[in-house]
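Novice: Structure for this input, please:
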Amino acid sequence: MSRGTQNRSPSAVSWTLLGVLNKVHITLSDNSKQQLLDSFATHSEENLIQTISSGIDGKLNGDNLDLRVNTNDVRMNNKAKDYHFFASDWVADRVSAKLEDLNDRSPVGDSNQLSYMNFIPTPAENIQFKNYLKVLLGRKIVYHMPDFKWMDKVIPDHIPHNLQQEMSTASQIFMLPVLLKNEACYSDCLHILDSYVEDINRIYAKAGRGGELDKLQVPVGGDQLTRVRLEGAKALRKGAHTAVERFDQLNPFIIELFHTLQDFLEKLCKKFLKLNKATDKATLAHLKMVIQRSNVNGKVKVRFKAHEQFVDCVGTAYLLSLVMELFGMQNLHDSPIHDSIPDNVKMLHLERRGDIFNTVMDLVLRKTFIPPLQQDTEENGQPRSLVVQVCAGNMNPCQIESPVNENQITIKISIGEELYHLKASTDQVRNGCTFNLSDKQIPVTVKEVKPPSDELHNYTINFLNWFFASCTLQDAISEGNIYLTNITLKYMMPLFYSHSSLSKYMTECIDYVLKTETLLTPKMALKVRAASFINPTGRPGHNKAADIEKENQVKMLKDLIRGLGANKTENAIVKISKVAPVIHSISDNLCAMTLTQNFHTTHKARPCDQDVQQILDILKNNNPWQNTPGRNLKAFKGISKSPYSFNQQNFEMCVMNTVDRLKRGVPTTDDRESDDDDE
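Specialist: Residues are numbered from 1 along each chain as shown. Take a look at the predicted model:
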């Protein structure tokens, strides 16, 4: 080292070395790095423009990006800061070919002819839902019970639907620059929408499609808070003079499905997982202790995967215990014994095996499945007779058993020398009703007398009906099945209502079905429903909900923003968000070319076979399928078999009030429900 170099400070030596490395192109200078990032940003926008110029439209997705920057040297004017930004992306349509011939002028349905029946499954949808359930539950049975392996050939790997080919193609996802706005503030929401409209007009003009802007409509998706806030912000501009100021190009605002599933799982855990009452045998809290799931704490939004796996594990064990009960099996490896399963079933043709499969699964569903707003399983159906308590005036009450005929009962009572015939529906009798005998001026009260129930049996069937809805929505998302999605949301509405009549996600389910089945045109409805799913890999059954992909993008952006180091500026944050897709692509390609392992922070899920077996051992001694009248649960007193044991008239009124409000475009204010906000 020369004497001059020895007299220099270490920082000066470092800069000298950096300058030499820059000259030989081993490192980049500051200016070169900035130019490279600018070219990356330009490349990202050019890719988006090229896609739009090919005639493909898309959908915008947005979510909040919250970042906390801690400071080491804390002072009065230098403290840790919380930043609230807004991240967005644009996803190209995968069903463009299907959209060409669809009507884009008139809506799908008549909004003036709506009733609550539009928001619960039709008989045809009930049959379709049960057929989906047969496949999903059959997969679990085949996986855990070797002697049911003959069903494997009649169970499809992917449930077929009309858009299966389109949903198996890779999605084109284009991340947009981060907006330095906080969606919790309406003024910032207006800035977000202004930015969306400005970007749409600029990019479509560059793509040579400026002539389509007058009729263009781009859907906007997000979680519950994002949808409500952005739709409310748009409502503030309804009186503006121009279409651009009214945000007419942004329509509709639609809920995404991951947050719906997450909230549904949270409501399920609130209803069935009582952590302070683990002494009730074979309930979720007790089984959690048995299989030592310490990461299941009821906080679903913090530990979603842990709760999802636990619910799936318990639901599977309940299902397998029922199969063992129905087919005389002592363990999972026993051979089933039943008249419907011939000994040579493995040798039969697929068509005959399919018939036997349907018979087996019908036996299972008749024991467990309860269609929306019904009070019992299909096996029991409507009761043949009811025992009612009759009290006339001040007379002593008496019990009468009356036959049921077409949901009606006739009660014969005699007062003095006169005989009266009182008719009432089974629903009236269950809730209690009063008749006034006009000639006697005597009120007669009639109410059903319920025999002692088996609360563990009721608990299990009630839980399984929630579990069925969760399973079908998960499969609908992974397959990109738009038809199963809407049917499942109709099943979820009364379940959300059973938790709270003010449930905000019941409102979101109604909003999704209302828009996609009534208010939107057929072309826009299909576009919105298909855009609820994203397939990053282009493989069958690998779709995701659009909002979970957005959450992954937010996580990646946070890592890049933190990598900027201390004293990062807002301009630097916006620039790094512009180039994030290119940096991510370069990183993935480098790993692929150098055969370098791409490490992830998540761990591979372990199979739950051992946990299922432990739960089955518990269920042998506490068999929920042997109806034992008088078996009580401390934490679930009076629990009913049906998850729909609420006042159905109030439910119908609640649904229609919500529909009327959504049709008028009144922003939702569901802060009344005691739930945490979306993260």
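Novice: what residue ranges in this structure score low on pLDDT?
Specialist: Applying pLDDT under 70 to the chain flags residues 1-30, 376-385, 416, 438-440, 566-567, 596-605, 666-679.
Novice: Point me to the residue sitting closest to the centre of it.
Specialist: Note on the chain: the residue nearest the mean C-alpha position is Leu261, at 2.3 Å, using C-alpha atoms, centre = their mean.
Novice: measure it to Ile291 for me?
Specialist: Computed with C-beta to C-beta, to the nearest Å, the distance linking Leu261 and Ile291 is 23 Å. Where you see a C-beta, it was placed from the backbone N, CA and C, and this is true even at glycine.
Novice: Nearest residue to the residue nearest to the centre of the chain in space, ignoring adjacent ones along the chain?
Specialist: Using C-beta to C-beta, 6 or more residues apart in numbering and skipping the chain neighbours, the partner closest in space to Leu261 is Leu473 (5.5 Å).
Novice: now swap in Val95 and tell me
Specialist: The shortest distance from Val95 to any non-neighbouring residue, by C-beta to C-beta, 6+ apart, is to Ala530 (4.5 Å).
Novice: my read: that neighbour touches Tyr483, true?
Specialist: No. Between Ala530 and Tyr483 there is no contact under C-beta atoms under 8 Å: 11.1 Å.
Novice: Between these two, which has more neighbouring residues?
Specialist: The residue with more neighbours, out of Ala530 and Tyr483, is Ala530; 20 against 15, by other C-beta atoms under 10 Å.
Novice: Find the residue closest to Ile563 in space, skipping its chain neighbours.
Specialist: Actually, residue 563 is Gly rather than Ile. In this structure, Gly563 finds its nearest non-sequential neighbour in Ile576, 7.9 Å apart by C-beta to C-beta, 6+ apart.
Novice: The stretch 401-550 of the chain: helices as residue ranges?
Specialist: Counting by DSSP state H, counting those that start in this stretch, the stretch 401-550 of the chain has helices at residues 426-431, 455-479, 482-499, 504-514, 522-530, 546-562.
Novice: Nearest to Gly62 among the ones you listed would be which one?
Specialist: Closest of those to Gly62 is helix 546-562, at 7.5 Å (criterion: C-beta to C-beta).
Novice: That closest one - contacts with which helices or strands?
Specialist: strand 58-69, strand 81-92, strand 173-179, strand 218-222, helix 257-272, strand 533-534, helix 570-593 (3 or more C-beta pairs under 8 Å, 6 or more residues apart in numbering; DSSP states H and E).
Novice: repeat that for 6 Å
Specialist: strand 58-69, helix 257-272, helix 570-593 (3 or more C-beta pairs under 6 Å, 6 or more residues apart in numbering; DSSP states H and E).
Novice: To Val135, which of the ones you listed lies closest?
Specialist: helix 257-272 (19.1 Å).
Novice: can you list contacts of the closest one?
Specialist: Residues from elsewhere that reach helix 257-272, judged by C-beta atoms under 6 Å, 6 or more residues apart in numbering: 223, 284, 298, 300, 304, 307, 463, 466, 473, 477, 492, 499, 505, 532, 545, 547-548, 678.
Novice: now do stretch 323-339
Specialist: Against stretch 323-339 from outside (C-beta under 6 Å, 6+ apart): 141, 144-145, 147, 363, 625.
Novice: Turn the residues you listed into CSV, including neighbour count.
Specialist: Below are those laid out as CSV (neighbours: other C-beta atoms under 10 Å):
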residue, neighbour count
Ile141, 23
His144, 20
Met145, 21
Asp147, 17
Leu363, 16
Trp625, 19
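Novice: any idea where the helices of the stretch 1-150 of the chain begin and end?
Specialist: Using DSSP H, counting those that start in this stretch, helices in the stretch 1-150 of the chain cover 3-6, 10-23, 30-53, 96-99, 123-144.
Novice: just the angle between the longest one and strand 81-92, please?
Specialist: In this case it means helix 30-53. Calculated by axes from the mean of the first three to the mean of the last three C-alpha atoms, to 10 degrees, helix 30-53 forms an angle of 40 degrees with strand 81-92.
Novice: Helix 30-53: which residues count as buried?
Specialist: Buried residues in helix 30-53, defined by neighbour count with 16 or more other C-beta atoms under 10 Å: 37, 40-41, 44-45, 48-49, 51-52.
Novice: what's the answer for stretch 166-175, then?
Specialist: Neighbour-count burial for stretch 166-175 [16+ other C-beta under 10 Å]: 166-168, 171-175.
Novice: And stretch 254-271, by the same measure?
Specialist: In stretch 254-271, counting by 16+ other C-beta under 10 Å, buried: 254-269, 271.
Novice: before we move on, what about stretch 276-294?
Specialist: For stretch 276-294, using 16+ other C-beta under 10 Å, the buried residues are 278, 280-288, 291, 293.
Novice: ok so, going back, redo the buried residues of helix 30-53 as TSV? Include distance to Tyr186.
Specialist: Shown next, in TSV, are the buried residues of helix 30-53 (distance: C-beta to C-beta, whole Å):
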residue	distance to Tyr186
Leu37	33
Phe40	34
Ala41	30
Ser44	30
Glu45	29
Leu48	28
Ile49	31
Thr51	32
Ile52	30
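Novice: ok, Pro372 - how many residues close by?
Specialist: Neighbours of Pro372 using other C-beta under 10 Å come to 22.
Novice: Let me see the contact set for it.
Specialist: Residues near Pro372 by C-beta under 6 Å, 6+ apart: 120, 494.
Novice: What backbone torsions are found at it?
Specialist: phi -50, psi 140 (degrees, to the nearest 10).
Novice: Against Phe468, how distant is it?
Specialist: Going from Pro372 to Phe468 by C-beta to C-beta gives 11 Å.
Novice: Start and end of stretch 529-540, how far apart?
Specialist: Start and end residues of stretch 529-540 are separated by 18 Å (C-alpha to C-alpha, to the nearest Å).
Novice: got the end-to-end distance for stretch 335-345?
Specialist: End-to-end for stretch 335-345, by C-alpha to C-alpha: 12 Å.
Novice: scratch that, stretch 345-352 is what I was asking about
Specialist: Start-to-end, stretch 345-352 (C-alpha to C-alpha) is 9 Å.
Novice: Ok, stretch 633-640 next?
Specialist: One end of stretch 633-640 sits 12 Å from the other (C-alpha to C-alpha).
Novice: Flag every buried residue along that stretch.
Specialist: Neighbour counts using 16+ other C-beta under 10 Å place 633, 635-636, 639-640 of stretch 633-640 among the buried residues.
Novice: Kindly report the same for stretch 199-217.
Specialist: 199-200, 203-204, 206-207, 209, 216-217.
Novice: do the same with stretch 537-544
Specialist: 540, 542-544.
Novice: Ok, stretch 233-250 next?
Specialist: Buried, per 16+ other C-beta under 10 Å, within stretch 233-250: 233-234, 237, 244, 246-250.
Novice: Just the C-alphas of it, formatted as PDB.
Specialist: Taking Å, rounded to 0.1, in the frame of the first residue of the first chain, the C-alpha atoms of stretch 233-250 are listed here in PDB:
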ATOM      1  CA  ALA A 233     -65.400   6.600  -1.600                       C
ATOM      2  CA  LYS A 234     -66.900   6.200  -5.000                       C
ATOM      3  CA  ALA A 235     -70.300   7.000  -3.600                       C
ATOM      4  CA  LEU A 236     -69.000  10.400  -2.500                       C
ATOM      5  CA  ARG A 237     -68.400  11.300  -6.200                       C
ATOM      6  CA  LYS A 238     -71.800  10.300  -7.500                       C
ATOM      7  CA  GLY A 239     -72.800  13.900  -8.100                       C
ATOM      8  CA  ALA A 240     -69.600  14.700 -10.100                       C
ATOM      9  CA  HIS A 241     -70.000  16.100 -13.700                       C
ATOM     10  CA  THR A 242     -67.800  13.700 -15.700                       C
ATOM     11  CA  ALA A 243     -67.500   9.900 -15.900                       C
ATOM     12  CA  VAL A 244     -63.800  10.200 -14.900                       C
ATOM     13  CA  GLU A 245     -64.600  12.100 -11.700                       C
ATOM     14  CA  ARG A 246     -67.500   9.700 -10.900                       C
ATOM     15  CA  PHE A 247     -65.100   6.700 -11.300                       C
ATOM     16  CA  ASP A 248     -67.500   5.100 -13.700                       C
ATOM     17  CA  GLN A 249     -64.700   2.900 -15.200                       C
ATOM     18  CA  LEU A 250     -64.300   1.200 -11.800                       C
END
